[in-house]
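*Asks:* sequence and predicted structure below; questions after.
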Amino acid sequence: MTETTGGIDMDEEASGIVKKFLYVNRKAPYGTIYALESLEVVLISAAFDQDVSLAFIDDGVYQIVKGQHTKGIDVKNFSPTYRALEGYDIEKLYVEKESMEARGLTEDDFLVDVKVLNAAEMTDLMASQDVIQSF
Amino acid sequence: MLHTVNKSPFERNTLDSCLTHAKKGSAILLIEDGVYAVLKGTAPAKKLEQTMKTIPVYALQPDIEARGLKDRVLDGVKLVDYSGFVDLAAEYPTVQSWL
């Protein structure tokens, strides 16, 4: 975790504190409201120039699957928003390998660039955070 | 009997309970997060392959498309739209919703 997000230097002068935030996503996108709510909170966090990472584990890996077309269920397709996170300097997206593989997915199936971590590496990522919010 | 399952098989044991209790002459319809069970190459899909030898398995196409699964549906699973859902509900004398 040596990368820094944009705006941090400026913010450090202003407020002095930049914390490492991890948003853990564990739910499939449309069956419950968790995925959308998580995304809302992540976007809010972007306004505070913090060091934000997103983790996708368990069914959360389904949130970023390519080719979602929600017209038929009359629900907003919020998957393109994950691609917009880059514009808010949120570029650290992690997928748990075991979760991905058990669900029939590969790295190529995601609509954003992610780093694939095994469960042990994911554990280390979690341990390195100041704040963890789980959805 | 028509069985519907709306939970992800990776998160809940709803599908397993349904498969245990579904007998010949009934049908299974996967809806909402239940449709993740049809993903080719996964453990739930293997179970469905066995099931389909005796019981027809349907999945709601709008839910498949919403989740980006259109090109990864297990062979043999029949896709239906909402009116197909209604037809199935009318065809079988009872509907059991596994939640």
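*Replies:* Cool, got the structure.
*Asks:* contacts only, for the closest residue to B:Leu30 other than its chain neighbours.
*Replies:* Nearest non-adjacent residue to B:Leu30, counting by C-beta to C-beta, 6 or more residues apart in numbering or on different chains: B:Ala59, 4.4 Å away. C-beta here means a position set from N, CA and C on the backbone, and glycine is covered the same way. Contacts for B:Ala59 (C-beta atoms under 8 Å, 6 or more residues apart in numbering or on different chains) come out as B:29-31, B:34-35, B:38, B:73, B:77-80.
*Asks:* mind doing that once more with 6 Å?
*Replies:* B:Ala59 makes contact with B:30, B:35, B:38, B:77, B:79 under the criterion C-beta atoms under 6 Å, 6 or more residues apart in numbering or on different chains.
*Asks:* out of the residues you listed, which is nearest to A:Tyr94?
*Replies:* A:Tyr94 has its nearest neighbour among these in B:Val35, at 25.7 Å by C-beta to C-beta.
*Asks:* ok, now how distant is the closest one from chain A?
*Replies:* 10 Å (C-beta to the nearest C-beta, to the nearest Å).
*Asks:* surely that residue and B:Asp63 touch.
*Replies:* Yes. B:Val35 is within contact range of B:Asp63, at 4.7 Å (criterion: C-beta atoms under 6 Å).
*Asks:* so between these two, which is more surrounded?
*Replies:* The residue with more neighbours, out of B:Val35 and B:Asp63, is B:Val35; 29 against 23, by other C-beta atoms under 10 Å in any protein chain shown.
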